[in-house]
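Chemist: okay, here's the prediction I keep looking at, along with the sequence it came from:
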Amino acid sequence: MTYSPSTKSQVGNRARSRRGSRAVAALVSALGLLGLSLTALTTAPPAVAATPVAPIDASAMKLTAGDFTGRWAAIDALKASGKVTSFPNDPALTPLLDGTGLTGRSGLCHTSNLDTAHSIGGFCWNTADDTSREWTPQGFTGSHDAQPTGTWNGKYVYMASWHNKANTRARVSVVDNSSPTVAPKYHHILLVDPYGSGAGANYRAVGDPTSGAKPFPGAHADGISWYGNKLFVATGHQIQVYDLRNLLKVNAGTENGPVGIVDGQAQGGGHSWVLPMIGIYSNAPAGSACTDTTPCLTSLSLDRTGTDSLVTSEFAAQGGRPVVRWPLAAADALLDTDGADNHTGQVTANAAYRVPIWKVQGAATDGTYYYFSGECPAYAGTTDSDVPYCIHRAKPGEAPHVLTEAPPLTQNLSWSPSAGRLWGINERADYSVGKRVIFTLNPPN
């Protein structure tokens, strides 16, 4: 699972020279235990070849579609009730792209550790979200995923997923960053799960612990990917599906307040906007072990090269877990199943590779290389959450190498084919000045 700030050490930054000195001292100590010296390295036998990103059998990796029909019925009933406001005549997300909302900050407002040779850039949240103790960002996607043109209604739009501290609620931020020199505008949307029918239709926060539904959708919103009108959110053994055309406006209410129809009014727990889930693809019940046939799905990205596919990866302290490709169906923007339609049946992975990188938090591909966010070799095993993460790169069958250092605790990655750029997001929090950024870079060919 991904780290959250509440479980990560809050140790302050250390000078690189101190880290280098500790690394050398540790090496000398280790060599001494082996009866070697630094000079002995010059006569040591050749090192074993680095571990490659190796293909593995994906044929047994499957996801099963679950309860689209019931959720669709609940959404239709909610819209007909008059208790929520829907936008059936507008392109998806139109109300969120009118220049209103929260104001972020243009540019990289914190030290990013990125190699400036890669034409770096990005933007930041406002101070409240940058320093939030309650909400933590995880996944990242953009209009470059949604449409081959790279824009949505003529705008450059980005989305990030967040989970709350208790993992009982999840939200998505929709960001208009059409002009990189102008502060971005964004809105938060609460993710909800609709249920019931007719006059009894209602919705609850994704992750609501009072729900009796089993398996109930998890709220540790990790990976996120946007494909046409659909939004996919990975959380453990599930990929949740949302239709952006179902955006609903409700009474915001109070932060952490009620969510759902309460006393005849639609409430959003501090959010004016909610987005109801339409279905789930899952490979095991929540909380099950992560295995080679039922891998955990902790990051998500989109690949439009060859067969359009979702790409998932799995976090593991010492690596060795798979990155997996799941085929999509362009006709309805759902995963491509073996059922009579793509909201029933199973989808089978079309490729998988074992990844040797420690603590992989995100994976994306440009069709030639895979990019991974994970621990840097120089800091492998550290408990210092302020050290840089690294962006690693490899072709399938080759060993990965570090492309650049990156912000601490970098999470999901996303590839923009229209711009030839890699995007990423980090979760590291400093509750006084903040350390969260959304970054982009242009990798070498």
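Modeler: Right, received. Where do you want to start? Numbers count the residues shown, from 1 in each chain.
Chemist: surely residue 71 is within a helix?
Modeler: Yes. Assessed with DSSP: H, G, I helix; E, B strand; the rest coil, residue 71 lies in a helix.
Chemist: from what I see, it and residue 246 are in contact.
Modeler: No. Between residue 71 and residue 246 there is no contact under CB atoms under 8 Å: 9.7 Å. Where C-beta positions appear, they are placed from N, C-alpha and C, glycine not excepted.
Chemist: and for these two, which residues touch both?
Modeler: Overlap of the contact sets of residue 71 and residue 246 (by CB atoms under 8 Å, 6 or more residues apart in numbering) consists of 276, 278.
Chemist: can you report how many residues neighbour residue 398?
Modeler: Around residue 398 sit 14 other residues, with neighbours defined as other CB atoms under 10 Å.
Chemist: and the pLDDT at it?
Modeler: On pLDDT, residue 398 comes in at 97.
Chemist: residue 331 too?
Modeler: Looking at residue 331, the pLDDT reads 96.
Chemist: one more: residue 257?
Modeler: The model's pLDDT for residue 257 equals 95.
Chemist: how close does it sit to residue 179?
Modeler: In this view, residue 257 and residue 179 are 35 Å apart by CB to CB, to the nearest Å.
Chemist: over to residue 419?
Modeler: From residue 419 to residue 179 the distance is 15 Å (CB to CB).
Chemist: the more surrounded of those two?
Modeler: Taking neighbours as other CB under 10 Å, residue 419 and residue 179 compare with residue 419 leading, 14 against 11.
Chemist: surely that one meets residue 150?
Modeler: Yes. Residue 419 is in contact with residue 150 according to CB under 8 Å; the separation is 6.2 Å.
Chemist: need the overlap of contacts for the two.
Modeler: With CB under 8 Å, 6+ apart, residue 419 and residue 150 have common neighbours residue 144.
Chemist: who's in contact with the nearest residue to residue 91 once chain neighbours are set aside?
Modeler: The shortest distance from residue 91 to any non-neighbouring residue, by CB to CB, 6 or more residues apart in numbering, is to residue 153 (5.6 Å). Residues near residue 153 by CB under 8 Å, 6+ apart: 91, 93-94, 97.
Chemist: again, only this time at 7 Å
Modeler: 91, 94, 97 (CB atoms under 7 Å, 6 or more residues apart in numbering).
Chemist: just for the stretch 101-250 of the chain, where's the confidence low?
Modeler: Applying pLDDT under 70 to the stretch 101-250 of the chain flags residues 211-219.
Chemist: hey, where'd the helices end up in it?
Modeler: Counting by DSSP state H, counting those that start in this stretch, the stretch 101-250 of the chain has helices at residues 127-130, 143-146.
Chemist: send the alpha carbons of the first one over as PDB?
Modeler: Only the C-alpha atoms of helix 127-130 are listed here, as PDB (Å, rounded to 0.1, in the frame of the first residue of the first chain):
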ATOM      1  CA  THR A 127      -1.700  26.500   1.000                       C
ATOM      2  CA  ALA A 128      -4.700  24.800   2.700                       C
ATOM      3  CA  ASP A 129      -4.400  21.700   0.500                       C
ATOM      4  CA  ASP A 130      -0.600  21.800   0.400                       C
END
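Chemist: distance from the chain centre to it, please.
Modeler: Distance, stretch centre to chain centre, for helix 127-130: 19 Å (CA atoms, centre = their mean, to the nearest Å).
Chemist: who's in contact with that helix?
Modeler: Contacts for helix 127-130 (CB under 7 Å, 6+ apart): 124, 135, 434, 436.
Chemist: for the residue nearest the centre of the chain, give me its contacts.
Modeler: Geometric centre of the chain, nearest residue: residue 139, 2.1 Å, by CA atoms, centre = their mean. Residues in contact with residue 139 (CB under 7 Å, 6+ apart) are 160-161, 221-224, 300, 411-412.
Chemist: now it. Nearest residue, chain neighbours left out?
Modeler: Nearest to residue 139 is residue 224, by CB to CB, 6+ apart, at 3.2 Å.
Chemist: was I right to think the one you found contacts residue 159?
Modeler: Yes. If you go by CB atoms under 7 Å, residue 224 and residue 159 touch, sitting 6.2 Å apart.
Chemist: these two: who's more crowded?
Modeler: residue 224 (29 against 25).
Chemist: okay, and the beta partners of the more buried one?
Modeler: Beta-bridge partners of residue 224, counted by DSSP bridges, are residue 233.
Chemist: distance check, it against residue 371.
Modeler: Here residue 224 is placed at a distance of 16 Å from residue 371 (CB to CB).
Chemist: next one: residue 408
Modeler: From residue 408 to residue 371 the distance is 18 Å (CB to CB).
Chemist: and for residue 383?
Modeler: According to CB to CB, residue 383 and residue 371 sit 25 Å apart.
Chemist: repeat for residue 258
Modeler: 41 Å.
Chemist: these two: who's more crowded?
Modeler: residue 371 (23 against 17).
Chemist: how many neighbours does the closest residue to residue 241 other than its chain neighbours have?
Modeler: Using CB to CB, 6+ apart and skipping the chain neighbours, the partner closest in space to residue 241 is residue 279 (4.8 Å). Around residue 279 there are 23 other residues, counting by other CB under 10 Å.
Chemist: residue 279: which element?
Modeler: Here residue 279 sits within strand 273-282, counting by DSSP states H and E.
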